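Asker: Fold the stuff below for me.
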Amino acid sequence: MSKFTKKKKGLPGISTASLPDIVFMLLFFFMVSTTMRQTDLIIKKPSLPTASEVKKLEHKSLVSTIYVGKSKDKRIQGDKIQVNDKIIDVKDVISFILSERAQRKEEEVKYMTTSIKADKKASVGTILDIKEQLRDINALKVSFSTTRGTDFKSNY
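Answerer: Modelled structure (predicted):
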């Protein structure tokens with residue numbers, strides 16, 4: 001008869017069969033519990049002007065948005081400027097942009113865009129004042145948010 005040798009049994013390997021289930025549970029948990037940052041509008045939601053030539057912004061994480069419109073409170077007259085979740089004056093636009101720049105890396109600053117979401121009926125003077133403030137701090141990359149379409153009526 002032949003001799004049979006006994007093999008030494010080592011520790012069994014760790015089963016990884018449940019690993020995908022655990023990964024998907026964690027993924028699902030973080031998808032449900034995470035919220036994207038959204039600005040709560042204190043002003044009335046601006047009805048944006050229409051434009052025929054519209055281009056989407058590429059680096060949305062590098063966009064600082066300035067809202068211009070009427071206040072929800074009927075007693076307050078005139079255009080209001082909102083950044084993030086607060087109302088500011090025109091002179092505070094500079095400090096807002098500088099604080100946005102401070103939050104970014106040095107190499108990202110040159111790609112930053114300031115987006116102005118202004119109501120159709122907003123005063124052009126307010127928008128020009130904002131543009132002047134942006135020009136003073138060399139924030140020259142400005143975009144105006146619009147909706148796609150044509151609203152132009154010719155008198156000819």
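
Asker: Centre of the chain to the top helix by length along the chain, how far?
Answerer: Longest helix in the chain, counting residues (DSSP state H): helix 19-33. Distance, stretch centre to chain centre, for helix 19-33: 26 Å (CA atoms, centre = their mean, to the nearest Å).

Asker: For that helix, give the mean pLDDT please.
Answerer: Here helix 19-33 scores 90 as its mean pLDDT.

Asker: Now it: buried residues?
Answerer: When burial is assessed from 16 or more other CB atoms under 10 Å, helix 19-33 yields no buried residues. (Each C-beta comes from the backbone N, C-alpha and C, glycine too.)

Asker: cool, stretch 89-105 as well?
Answerer: Val93, Phe96, Ile97, Glu100.

Asker: now stretch 45-63
Answerer: Neighbour counts over stretch 45-63 (16+ other CB under 10 Å) mark Pro46, Pro49, Ala51, Leu62, Val63 as buried.

Asker: any chance of those in a markdown table, plus pLDDT?
Answerer: Shown next, in a markdown table, are the buried residues of stretch 45-63 (pLDDT from 0 to 100):
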| residue | pLDDT |
| --- | --- |
| Pro46 | 87 |
| Pro49 | 88 |
| Ala51 | 87 |
| Leu62 | 90 |
| Val63 | 91 |
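
Asker: Longest strand of this protein, counting residues only.
Answerer: Criterion DSSP state E: the longest strand present in the chain is strand 63-70.

Asker: Counting by contacts, list what that strand packs against.
Answerer: Here strand 63-70 touches strand 79-83, helix 93-102, strand 113-118, helix 124-136, going by 3 or more CB pairs under 8 Å, 6 or more residues apart in numbering; DSSP states H and E.
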